[in-house]
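*Asks:* sharing a model prediction with you, sequence too.
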Amino acid sequence: MTLTRPGRAGLQQRVVRLSVWLAFAGAALESMDSSASPQNAAPTPLAGADDPPSPDGWSGDLASLRAELDGIDDTLHDLLMRRAEVVDALVASRLKTPGVALRPGREAQIIRRLLDRHHGKLPAASVVRIWRELLAATTAMQGAHVIAVCETDAGGSYTQAAREHFGALTAMRMHSSPAQALADVSNGNATAAVLPMPSETETPRAAWWTALLHKDEPRIQVIARLPFWAPRPEGAPAVQAMVIAAFAPDPSGNDRSLLGLEMALDVSRARLTAAVIAADLQPEQIILRRDQGAQVAHALVEVSGNVEEGDPRLTRIAALLRRPVVLGGYAMPVGDTGIPGGAGRS
């Protein structure tokens, strides 16, 4: 609701309405029986109790409404400070996993729960933005961190998406290639990296996920997908990206997992899909690469649920040259599904 001061015309309308009301009240009093007993007399109205309705549709004056907003702001601020105290106590208690401040699965649970209970005129996208900044602030309380960004868009869309998710004030390092961003994480110069979404049309150099198949130390895995808020407001970055880090993702309750597979060049998409289903896994998207000059084919398979290393279903996938590698996973974004562009040649 927008509150505005009434203009001169509005004030004139109020004066006219008040004059009419006073004239009506005076006429009514004069018509009363002068012999009426005191107990039958109309009570004298309290000042302001029967003020005529405001012509602009809201009651109260501007000063009182601003005072109410100030009180609400103070309450919100008190709760924010209390939340920070609880986060600090959680860290001091050592109940949280040491060294891991980023918890994308837990953050997804928080935002989903808030969106489920949200109502009213405040846009849901604004709720997501407010809490993303809040989560970024409490993460920073637990230790400084840097986000590496592979920026391949001339308009800086990947950097915008990273700031939307990790906070406007989070330190970031920009790179022109996925390999550079991956190196930042491997070397400990960045906590996580934002990389373009895999696709079958990308060049071998851009297919950063194939580098994760080798399971080097530290182990790098996908931990999140951006953007988490999928219905994109006008002006918001529309690029799709994944976040990688040197730790495993934490499940959110509604997740997708990514498997890296290596197979013979002649294995078709249909045969691979059947093998994954036969292992009691539900494939959602498959990216299949048969790069020129390569001796083997590689596949990135997105499956439903949270799959971890040691899952017995992985050993049941036939037609592979070696055991599948779990490349991580992510919490399903609100209002979206799957890796785009996964369908392709067979």
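*Replies:* Structure's in. What do you need? Predicted model only: the values in this text are computed from it and were never measured.
*Asks:* flag the shaky bits of the protein, pLDDT-wise.
*Replies:* Counting by pLDDT under 70, the chain shows low-confidence ranges at 1-60, 96-99, 336-346.
*Asks:* quick one, longest helix in it?
*Replies:* Using DSSP state H, we find that the single longest helix of the chain is helix 62-93.
*Asks:* what about the helix or strand just after that helix, distance to the chain center?
*Replies:* Under the assignment DSSP states H and E, the closest C-terminal helix or strand after helix 62-93 is helix 104-117. Offset of helix 104-117 from its chain centre (C-alpha atoms, centre = their mean, to the nearest Å): 8 Å.
*Asks:* next one: stretch 195-208
*Replies:* Per C-alpha atoms, centre = their mean, the centroid offset for stretch 195-208 relative to its chain is 24 Å.
*Asks:* for it, which positions count as buried?
*Replies:* Leu195, Pro196, Pro198, Ser199, Glu200, Glu202, Ala206, Ala207, Trp208 (16 or more other C-beta atoms under 10 Å). Bear in mind the C-beta positions are built from the backbone N, C-alpha and C, glycine included.
*Asks:* secondary structure class for the fifth one?
*Replies:* Taking DSSP: H, G, I helix; E, B strand; the rest coil as the rule, one finds Glu200 in the coil state.
*Asks:* surely it touches Asp291?
*Replies:* No: taking contacts as C-beta atoms under 8 Å, Glu200 lies outside contact range of Asp291: 10.9 Å.
*Asks:* what do the two both touch?
*Replies:* Counting by C-beta atoms under 8 Å, 6 or more residues apart in numbering, Glu200 and Asp291 have no shared contacts at all.
*Asks:* just to revisit the earlier point, distance between the longest helix of the chain and the chain's centre?
*Replies:* 22 Å.
*Asks:* mind giving me the packing neighbours of it?
*Replies:* The contact analysis (3 or more C-beta pairs under 8 Å, 6 or more residues apart in numbering; DSSP states H and E) places helix 62-93 against helix 124-141.
*Asks:* can you do 6 Å?
*Replies:* Judged by 3 or more C-beta pairs under 6 Å, 6 or more residues apart in numbering; DSSP states H and E, helix 62-93 is in contact with no other helix or strand.
*Asks:* that helix to helix 124-141, inter-axis angle?
*Replies:* Helix 62-93 and helix 124-141 are oriented at 40 degrees to each other (axes from the mean of the first three to the mean of the last three C-alpha atoms, to 10 degrees).
*Asks:* helix 62-93: which residues count as buried?
*Replies:* Val87, Val91.
*Asks:* next: stretch 257-271.
*Replies:* Across stretch 257-271, burial judged by 16+ other C-beta under 10 Å covers Ser257, Leu258, Leu259, Gly260, Leu261, Glu262, Met263, Val267.
*Asks:* please flag which of these sit within strands.
*Replies:* Within the buried residues of stretch 257-271, residues falling in strands by DSSP state E are Ser257, Leu258, Leu259, Gly260, Leu261, Glu262, Met263.
*Asks:* didn't the last one look like it was pressed against Leu320?
*Replies:* Yes: between Met263 and Leu320 there is a contact at 5.3 Å, judged by C-beta atoms under 6 Å.
*Asks:* which stretches in the protein count as strands?
*Replies:* So, for the chain - with DSSP E - the strands run 146-150, 171-175, 192-196, 221-226, 241-245, 255-263, 283-289, 297-304, 325-331.
*Asks:* can I get those strands in JSON lines with distance to Ala137?
*Replies:* Listed next are those as JSON lines, based on distance: least, C-beta to C-beta, whole Å:
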{"stretch": "strand 146-150", "distance to Ala137": "15"}
{"stretch": "strand 171-175", "distance to Ala137": "14"}
{"stretch": "strand 192-196", "distance to Ala137": "17"}
{"stretch": "strand 221-226", "distance to Ala137": "18"}
{"stretch": "strand 241-245", "distance to Ala137": "18"}
{"stretch": "strand 255-263", "distance to Ala137": "25"}
{"stretch": "strand 283-289", "distance to Ala137": "34"}
{"stretch": "strand 297-304", "distance to Ala137": "32"}
{"stretch": "strand 325-331", "distance to Ala137": "20"}
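*Asks:* and of the ones you listed, who's closest to Ala108?
*Replies:* Smallest distance to Ala108 across these (C-beta to C-beta): 3.5 Å, for strand 325-331.
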